[in-house]
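1. task: produce atomic coordinates for the following.
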Amino acid sequence: MTTPAILKKWGKGIALVLPDMLVQEGRLATGNQVEVNFSGQRIKIRKTAATSEIEKMCEAITAENLHAETPWGAPQGGRPGESGLHPGMRRSRVDGL
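-> Residues are numbered from 1 along each chain as shown. Got it, this is the predicted structure:
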């Protein structure tokens with residue numbers, strides 16, 4: 001499919017403005033990472049798999065920088081729907097309504 005697009009000034013560079021039809025068909029969204037390939041007079045744009053920040057951080061974990069489990073103590077409080085209050089909490093008059 002050939003569809004016209006517009007090049008616009010963006011800071012010190014140029015941005016390619018894609019028509020909504022292409023954005024929807026390509027399932028693109030603001031912030032998506034793309035790969036741009038130039039071949040002669042042709043420009044190919046390919047959506048790449050984005051790596052989230054948490055994935056980047058997890059990839060950096062090694063046996064050397066992995067710490068032991070932190071002992072936080074026994075569980076405190078109750079689960080939603082269970083009776084009982086967190087230790088140190090008091091019922092207010094509103095609780096009885």
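2. tell me where the protein has helices.
-> Taking DSSP state H as the criterion, the chain carries its helices at 20-25, 53-59.
3. out of those, which one sits most buried?
-> Greatest average neighbour count among those goes to helix 20-25 (a mean of 11), per mean count of other Cβ atoms under 10 Å. Any C-beta I mention is one placed from the backbone N, CA and C, and that applies to glycine too.
4. which residues does that one contact?
-> With contact meaning Cβ atoms under 8 Å, 6 or more residues apart in numbering, helix 20-25 is reached by 1, 3, 5, 28-29.
5. let me see the mean pLDDT of it.
-> Averaging the model's pLDDT scores along helix 20-25 yields 90.
6. do the same with stretch 2-16
-> This predicted structure assigns stretch 2-16 an average pLDDT of 90.
7. pull up the distance across it, start to finish.
-> By Cα to Cα, to the nearest Å, the extent of stretch 2-16 from end to end equals 15 Å.
8. contact partners of that stretch?
-> Residues outside stretch 2-16 that contact it (Cβ under 8 Å, 6+ apart): 17-19, 21-22, 45.
9. of these, closest to Asn37?
-> Each of the contacts of stretch 2-16 was checked against Asn37 using Cβ to Cβ; the closest is Ile45, at 7.9 Å.
10. burial count for the closest one?
-> Number of residues near Ile45 (other Cβ atoms under 10 Å) recorded here: 14.
11. same check on Arg27?
-> For Arg27, the neighbour count with other Cβ under 10 Å is 8.
12. how about it, what does it touch?
-> Neighbouring residues of Arg27 by Cβ under 8 Å, 6+ apart: Lys47.
13. how far away is it from Lys47?
-> Separation of Arg27 from Lys47 (Cβ to Cβ, to the nearest Å): 8 Å.
14. what's the overlap in contacts for these two?
-> Between them, Arg27 and Lys47 share no contacting residue under Cβ under 8 Å, 6+ apart.
15. the residue nearest to the spatial centre of the chain and Gln24, how far apart?
-> Taking Cα atoms, centre = their mean as the criterion, Ser52 is the residue nearest the geometric centre of the chain, at 5.6 Å. Ser52 sits 23 Å away from Gln24 when distances are taken as Cβ to Cβ.
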